[in-house]
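# just need the structure, nothing else, for what follows:
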Amino acid sequence: MILPIVAYGTPILRKVCDDITPGYPELKKLLDDMWETLYNSNGVGLAAPQINRPIRLFIIDTVQVVEDFNDEDKRKYPNEVPAKKVFINARKVEETGDTWAYNEGCLSIPKVREDISRASHVRIKYLDENFVEHEESFHGIAARVIQHEYDHIEGKLFIDYLTQLKKRLIKKKLDDISNGKVKTDYRMVFPK
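Next comes the predicted model:
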């Protein structure tokens, strides 16, 4: 089932999310719904708070991004390894490497894209969909998507990294999103 995406301004997007246990109700269905929602909205990552669940769960799929690299992307990211994964109860171990800017967007903040600087590598501890523990390092695009989605379960948004001037420049767009004055190809729910 395709779930609606929670829009900017909804309080759940600012909540530090809670861990879950293997007994979390209908987790397999929730994950299936999250994958379907992600693909329906043409995203590369989706965190539980974006579908109105305050839990430490997110998914990423960078396979299509990497497969669609043009020649310039292949030169820029020669060792890019695509990732399709579920992250439960994730904890960031470290961020390392040079920071690099990349034009990011967010399904909860449609039609707003900005260059955001993030570390090129991230090491993260997490449980997969079978609650098997992993500690892995990711780099490049996968690291960026993981850091973006991880921020969601910490109550943080990519626009938090912007300067005050940039925030003032996009304020009207953000207000319009919060007020439901935005058109998307996917269903959204707006703050009340």
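# all contacts plus neighbour counts: C-alpha atoms, from now on.
Noted.
# host element of the most centrally placed residue in the chain?
Closest residue to the average C-alpha location of the chain: Glu149 at 3.0 Å, with Cα atoms, centre = their mean. Assigning secondary structure by DSSP states H and E places Glu149 in helix 140-153.
# from the contact counts, what lies against that helix?
Packing contacts for helix 140-153, counted by 3 or more Cα pairs under 8 Å, 6 or more residues apart in numbering; DSSP states H and E, involve strand 45-47, strand 57-61, strand 109-127.
# contacts for that helix?
13-17, 44-50, 54-60, 62, 77, 80-83, 90, 118-122, 157-158 (Cα atoms under 8 Å, 6 or more residues apart in numbering).
# name the nearest residue to Lys192, sequence neighbours excluded.
Thr10 (8.0 Å; Cα to Cα, 6 or more residues apart in numbering).
# can you tell me the element the residue lying closest to Leu3 once chain neighbours are set aside falls in?
Setting aside the residues directly before and after it, Leu3 is nearest to Thr37 in space (Cα to Cα, 6+ apart), at 5.8 Å. When secondary structure is defined by DSSP H and E, Thr37 falls within helix 27-40.
# residues contacting that helix, please?
Under the criterion Cα under 8 Å, 6+ apart, residues Met1, Ile2, Leu3, Pro4, Val44, Gly45, Leu46, Ile59, Glu129, Tyr186 lie in contact with helix 27-40.
# could I get those residues as TSV with distance to Val145 and neighbour count?
TSV is the format used below for those (distance: Cα to Cα, whole Å; neighbours: other Cα atoms under 10 Å):
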residue	distance to Val145	neighbour count
Met1	23	11
Ile2	21	17
Leu3	20	20
Pro4	20	17
Val44	7	23
Gly45	7	24
Leu46	9	30
Ile59	10	24
Glu129	18	16
Tyr186	20	15
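# what's the farthest-apart pair in those residues?
Largest separation among the contacts of helix 27-40 by Cα to Cα: Glu129 and Tyr186, giving 25.5 Å.
# coming back round to it: of all the helices and strands packed on helix 140-153, which lies closest to Pro22?
Evaluated over the helices and strands packed on helix 140-153, closeness to Pro22 peaks at strand 109-127, with 10.1 Å, by Cα to Cα.
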